[in-house]
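K.L.:
have a look; sequence and predicted model below, questions after that.
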Amino acid sequence: MVAGLIAASLMVAFVLCAVALSWWTWRPLVKRRAVVQLDDGTAFDGVVMSRRGPLLVLADVTVRIAGNAQRIDGPVVVERTRVVFVQVV
């Protein structure tokens, strides 16, 4: 009985640490200008407004594809799984 309680407590502590680490990894980017490079070669230059689950929300965005740049009106939502790298500018 006690061993099961200890195991359950350790599992909860592990899950909480994993969630905190995941949150902290992306937190320093919020409200900063960054270049977000996607796996298809598209790059977004904008301000990271928030991180909502598996998504990054960018504002004041310029998209860069194959040497061309186009300003985008409104927010852009990017799936974090498609992000290759993020460079804070």
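P.N.:
Yep, that arrived.
K.L.:
all strands for this protein, in order.
P.N.:
Secondary structure of the chain (DSSP state E): strands located at 32-38, 43-52, 55-65, 68-72, 76-79, 83-88.
K.L.:
and the ones you listed: which comes nearest residue 15?
P.N.:
Evaluated over these, closeness to residue 15 peaks at strand 43-52, with 19.1 Å, by CB to CB. Just so you know, the C-beta spots here come from the backbone N, C-alpha and C atoms, and that holds for glycine as well.
K.L.:
for that closest one, the averaged confidence score.
P.N.:
Across strand 43-52, the average pLDDT comes to 91.
K.L.:
output the below-cut-off pLDDT ranges for the chain.
P.N.:
Applying pLDDT under 70 to the chain picks out residues 17-29.
K.L.:
same thing but 80
P.N.:
1-5, 7-9, 13-30 (pLDDT under 80).
K.L.:
wouldn't residue 80 be in contact with residue 50 here?
P.N.:
No - the criterion here is CB atoms under 8 Å, and residue 80 misses it with residue 50 at 11.9 Å.
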